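Student: From the sequence below, what's the structure:
(chains A, B, C and D)
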Protein chains: 2
Amino acid sequence: MVDDVTRYPLTGRFLMGRTRHAMREREKELLESSITEVAEYDRSHLVLVRGELAERSTLLIEGYMLRTIEEHGRRYIVGFHVPGDFVDLHAYALKRLDHDIVTLGPAKVGIVPHERIGHIHENEPHLSRLFWFSTLLDAAIQRQWTLKLEQLKASRRVAHRFSEVWRRLEMVGLARSNGFRTPLNQTDLADMCGTTSIHMNRALSELRREDVVEFRRGLVIARDRSRLESFGDFNPDYLYGGGPLGVQHELDGTD
Amino acid sequence: MVDDVTRYPLTGRFLMGRTRHAMREREKELLESSITEVAEYDRSHLVLVRGELAERSTLLIEGYMLRTIEEHGRRYIVGFHVPGDFVDLHAYALKRLDHDIVTLGPAKVGIVPHERIGHIHENEPHLSRLFWFSTLLDAAIQRQWTLKLEQLKASRRVAHRFSEVWRRLEMVGLARSNGFRTPLNQTDLADMCGTTSIHMNRALSELRREDVVEFRRGLVIARDRSRLESFGDFNPDYLYGGGPLGVQHELDGTD
DNA sequence: CGTTGAATTGACACCGTTCAACGACAGTGG
DNA sequence: CCACTGTCGTTGAACGGTGTCAATTCAACG
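Tutor: A predicted model of the protein is given here:
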């Protein structure tokens, strides 16, 4: 898979760790060549605005992106993306989004016109099914967020988020052995976990005190990863990475 | 649209109030004929189990269905479906789900083998795009749940849920002018809103006391609908029903 | 008319918000 | 080099929202 990142520098991480192995070589080439433009954005760059008619979608190459909704003067983060994610592919079928797409830190993205996606959708059923899968994967992650918001208190929620991001980064080959780096600050974390930055601060110091995980200036470090994951009640199945839900072989053959 | 329900008694409510107008007559016929079996289930019937390989999907014709996750001896409701919803269409691309699909009250469903969906996916790009849209609509609803869990207290969350279900029923022609009927009980509502049944009870009596909405034995009645919706901070845009996000004309023409 | 499941109520502890204030640090310009 | 400034992180105290346990009432149904 490391090979794919060098061979397909723009799209090599798409579905990596999931069903990328089901992609044929010509599909990988087709996807890579569908990117008509590469852009580098600063932090907090608004890529797609809620309600705006979308005519292209964005595949994240480097950095992080968020899905945000601003309401009552407060920003809520309803999605988090790592390299390899086809961030707003769903805009192809929805046309207009109910949320904003925004960069977190500086980010490098590939842009795919909907015309190209339409062509793939009409002529490449196997690849287009993988596209569909990828948007449903985002939905599964969303579902898990809903679940964890319902059942965990703030400190466990952060632990869950950290566990998730760590795994997702690992799947695309971007995690360290003892943690990961992210431009998130405590306010961002609060906006992701449905709490206030003040309470997030207390939650983080609880995690530090209990030796679950350490968060400092965008560096997440855990001495014992399994301790972090069990504190956050994290079960990676919903990431569809090869566990009991993973699509191991079903999508392999011809469609 | 009432016409569609009589002409297509099984699938006439699919995407009704959304992009159904973009469906061609032969697509409606094709969908109707894709249902190879109609089943009637009792309440709490398990239609699809988490982790199980799915080979067919279920379109809800009458009644209600839920997406649930059981963890730590408690059940969490992460999705709610009304007639016309293609409840587990996403199982076509995901193969295995991370949650259960279950009936709430008694329900009548149409079953579509994935073979048929595969045929449509490969040969009917326009219809298959509407399928994709429908799964993304579920995702948008999920996103809104995440948002409201983050920002509202329990009593306002219920008000939001009531507003949503009311609108969704209305879209498929099944609401009353002053409310709607549902087999939900207070425990179900609690499981949907991420709270306990005891607290849900207090939330409901607050809503009654404040004259926002009345919930009794599965009957939801509001004297003033706009009061309910504003109390629940409800904005129907995310339901893609013709407001600013609705796909009014884009999907009309040939694909 | 008794049984059963659902709804209701009170008391109490914990979780989380809010407001206000303070501390740590990096970047900037004098 | 230092003072200034802004952002981010930290802390305390008061208050409101929610979970928990236990007990009671209510409605439906055989």
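
Student: The spatially most central residue of chain A bridge partners, please.
Tutor: By Cα atoms, centre = their mean, chain A has its centre lying nearest to residue A:81, at 2.7 Å. For residue A:81, the residues forming beta bridges with it (DSSP bridges) are residue A:65.

Student: tell me the helices in the stretch 151-255 of chain A, going along the chain?
Tutor: Assigned by DSSP state H, counting those that start in this stretch, the stretch 151-255 of chain A shows helices spanning A:154-171, A:186-193, A:197-209, A:225-231.

Student: would you turn the ones you listed into TSV with mean neighbour count?
Tutor: Every C-beta, even on glycine, is put in place using the N, C-alpha and C of the backbone. Below are those laid out as TSV (neighbours: other Cβ atoms under 10 Å in any protein chain shown):
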stretch	mean neighbour count
helix A:154-171	23
helix A:186-193	21
helix A:197-209	16
helix A:225-231	18
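
Student: looking at it, residue A:49 is touching residue A:99, isn't it?
Tutor: No: when contacts are counted by Cβ atoms under 8 Å, residue A:49 is not listed as touching residue A:99 (9.5 Å).

Student: Look at the two and report which has more neighbours.
Tutor: residue A:99 (24 against 13; other Cβ atoms under 10 Å in any protein chain shown).

Student: For that one, which residues are in contact?
Tutor: A:50, A:67-69, A:78-79, B:143 (Cβ atoms under 8 Å, 6 or more residues apart in numbering or on different chains).

Student: And those, which two are furthest apart?
Tutor: A:50 and A:79 (12.8 Å; Cβ to Cβ).

Student: Looking at these two now, which is surrounded by more residues?
Tutor: residue A:79 (21 against 18).

Student: Then that one would be within a helix, right?
Tutor: No: counting by DSSP: H, G, I helix; E, B strand; the rest coil, residue A:79 is not found in a helix; it is strand.

Student: Could you pull up the contacting residues of it?
Tutor: Residue A:79 neighbours (Cβ under 8 Å, 6+ apart): A:66-67, A:99, A:138, A:141-142, B:143.

Student: residues from the stretch 151-255 of chain A in reach of DNA strand D?
Tutor: A:185-187, A:197-198, A:201-202, A:204-205, A:217 (Cβ under 7 Å from any atom of the strand).

Student: ok, back up a step: looking at the helices of the stretch 151-255 of chain A, which is nearest to residue B:168?
Tutor: helix A:186-193 (27.5 Å).

Student: which secondary structure elements does the closest one contact?
Tutor: Packed against helix A:186-193, as judged by 3 or more Cβ pairs under 8 Å, 6 or more residues apart in numbering or on different chains; DSSP states H and E, are the following elements: strand A:74-81, helix A:154-171, helix A:197-209.

Student: How about the longest one and DNA strand C, any contact?
Tutor: Yes: part of helix A:154-171 sits close enough to DNA strand C to count as contact by Cβ under 7 Å from any atom of the strand, namely A:154-155.

Student: Against which helices or strands is that helix packed?
Tutor: helix A:125-151, strand A:179-181, helix A:186-193, helix A:197-209, strand A:219-221, helix A:225-231.

Student: Go again with 10 Å.
Tutor: Helix A:154-171 sits against strand A:74-81, helix A:125-151, strand A:179-181, helix A:186-193, helix A:197-209, strand A:219-221, helix A:225-231, with contacts defined as 3 or more Cβ pairs under 10 Å, 6 or more residues apart in numbering or on different chains; DSSP states H and E.

Student: what's around residue A:38, how many residues?
Tutor: Neighbour tally, residue A:38, other Cβ under 10 Å: 13.

Student: Now do residue A:86 against residue A:76, distance only.
Tutor: 22 Å (Cβ to Cβ, to the nearest Å).

Student: Kindly apply the preceding question to residue A:174 instead.
Tutor: 26 Å.

Student: do residue A:50 as well
Tutor: Residue A:50 is 12 Å from residue A:76, by Cβ to Cβ.

Student: Just say helix, strand or coil for residue A:121.
Tutor: helix.

Student: Run through the residues that contact the residue nearest to it when sequence neighbours are not counted.
Tutor: Leaving aside its sequence neighbours, residue A:121 sits nearest to residue A:128 (Cβ to Cβ, 6 or more residues apart in numbering or on different chains; 4.7 Å). By Cβ atoms under 10 Å, 6 or more residues apart in numbering or on different chains, the residues touching residue A:128 are A:27, A:117-122, A:255, B:93, B:121-122, B:125, B:128-129, B:132.

Student: what about burial for these, which qualify?
Tutor: A:27, A:117, A:120-121, B:93, B:121, B:125, B:128-129, B:132 (16 or more other Cβ atoms under 10 Å in any protein chain shown).

Student: of all of the stretch 151-255 of chain A, which residue lies closest to chain B?
Tutor: residue A:194 (3.2 Å; Cβ to the nearest Cβ).
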